[in-house]
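[1] Fold the following, please.
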Amino acid sequence: MSCTAQFAKCFLCLFNFVFFIAGGAALTVGIWLVVDSSTFTNLVSKVDELDVLTKTDPDVIKTISYILIVTGALTFIVSFMGYCGAMFESRCLLCIYGILILAILILECTVVGLAFGLNNETEHGVRELLKSTIKYYATNEDKTEAVTLAWDAVMNQMKCCGVDNYMDFQLSSNWSTADKSIPEACCYKANKILQDPYCTTRPSLSNSYYMQGCYNALVNAIKENAAIVIGVAVTLAFVEILVIILALYLACCYWRPQHVLTCWCCC
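    Just a heads-up that it's a prediction; the model follows:
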């Protein structure tokens, strides 16, 4: 085997071994949550100061577990094919692995293309999706929903309120029955204490972010970090293309043609 083929084999083995472990871990956690979520939540709560999992609705945990199972299983299977194909020099497994990674790359490019090509429709869809989650937002006295915890974290971090503004919280039946106009996460704080104690009932530009939507804040954050986003996307695409090339290259290297059949990249 040539040096190039040896490098390709080592790279694919290492690359897929990492994802094999990651996929197996995600699959294990997902199955654990389905079978016995209480034990896992109690275990995590010992190291999680915010105690997020114990405050999260059981239905949300179940949905998360199914997502972990599906993504973990796919990652586990695909990486297993790549690892075994390279390690045991199986042309069949390498070809299937290369085709699967190519399909994933095409899917990613299609999603990005549609996002740019259907800009207005995409923006409207994202806004509606975000607003559909706000209806599950609970009052400050009953923060047991994962949606509430997630929105509070976003609003505190990005200094915003709602999707477009504070009026989005009127979509929440839990919130509309409360005597507050905005959540505490929308208010100005100093050392986690409200600067104005009447902020939640009488919001203004001087005591809150009540008119600053999180959608625009998110878009502006992406624009400000566009170089990082593009860099990560390009790096991901480059790694996927490299993996496809190496997998198909090794597939040809391990194919020992017989009779008059030849392979242009045979080692």
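
[2] all strands of the stretch 101-250 of the chain, in order?
    189-190, 193-194 (DSSP state E, counting those that start in this stretch).

[3] Can you check which of those strands gets nearest to residue 223?
    strand 189-190 (25.9 Å; C-beta to C-beta). Yep, even glycine has a C-beta here, placed from its N, CA and C like the rest.

[4] Could you give the average pLDDT over the closest one?
    Strand 189-190 carries an average pLDDT of 86.

[5] Isn't residue 100 up against residue 79?
    No: applying C-beta atoms under 8 Å as the test, residue 100 and residue 79 come out as separate, 10.1 Å apart.

[6] and stretch 247-266, what's its mean pLDDT?
    Mean pLDDT, stretch 247-266: 57.

[7] again, but for stretch 164-180
    Stretch 164-180 carries an average pLDDT of 77.

[8] Contacts for that stretch, please.
    For stretch 164-180, contacts defined as C-beta atoms under 8 Å, 6 or more residues apart in numbering pick out 127, 131, 134-140, 142, 162, 181-183, 186, 200-201, 203, 208, 210-213, 215.

[9] buried subset of the residues you listed?
    Listed as buried from these are 134-139, 162, 181-183, 186, 200, 203, 208, 210-213, 215; burial here means 16 or more other C-beta atoms under 10 Å.

[10] Out of those, list just those in helices.
    Judged by DSSP state H, those include 134, 215 as members of helices.

[11] hang on, the earlier thing: switch the strands of the stretch 101-250 of the chain over to TSV; also include mean neighbour count.
    Below are those laid out as TSV (neighbours: other C-beta atoms under 10 Å):
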stretch	mean neighbour count
strand 189-190	10
strand 193-194	12
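
[12] Same list, those, but as TSV with distance to residue 73 please.
    Formatted as TSV, those follow (distance: least, C-beta to C-beta, whole Å):
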stretch	distance to residue 73
strand 189-190	42
strand 193-194	46
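
[13] how about residue 182, phi and psi?
    For residue 182, the backbone dihedrals (degrees, to the nearest 10) come out as phi -140, psi 160.

[14] if we can go back for a sec, between residue 100 and residue 79, who's got more neighbours?
    Neighbour totals were compared for residue 100 and residue 79, and residue 79 leads with 22 against 17 (other C-beta atoms under 10 Å).

[15] quick one, helices of the stretch 51-200 of the chain?
    All helices of the stretch 51-200 of the chain, identified by DSSP state H, counting those that start in this stretch, fall at 52-55, 58-87, 91-117, 119-134, 146-158, 173-176.

[16] closest to residue 36 out of those?
    With C-beta to C-beta as the criterion, residue 36 lies closest to helix 58-87 of those, at 10.8 Å.

[17] so that closest one versus helix 91-117, what angle?
    With axes from the mean of the first three to the mean of the last three C-alpha atoms, to 10 degrees applied, the angle from helix 58-87 to helix 91-117 works out at 130 degrees.

[18] Show me the shaky parts of this structure.
    The chain contains residues with pLDDT under 70 at 1, 43-60, 115, 117-119, 139-145, 174-178, 253-267.

[19] Try it again at 50.
    Applying pLDDT under 50 to the chain flags residues 257-267.

[20] Show me the longest helix that occurs in it.
    Max-length helix for the chain by DSSP H is helix 3-45.

[21] Give the other helices and strands that that helix contacts.
    helix 52-55, helix 58-87, helix 226-253 (3 or more C-beta pairs under 8 Å, 6 or more residues apart in numbering; DSSP states H and E).

[22] from the ones you listed, which stretch is densest packed?
    Across the helices and strands packed on helix 3-45, averaging neighbours per residue (mean count of other C-beta atoms under 10 Å) puts helix 58-87 on top, at a mean of 18.

[23] helices or strands up against that helix?
    helix 3-45, helix 91-117, helix 146-158, helix 226-253.

[24] Surely residue 215 touches residue 127?
    Yes: between residue 215 and residue 127 there is a contact under C-beta under 8 Å: 5.8 Å.

[25] No more questions from me, cheers.
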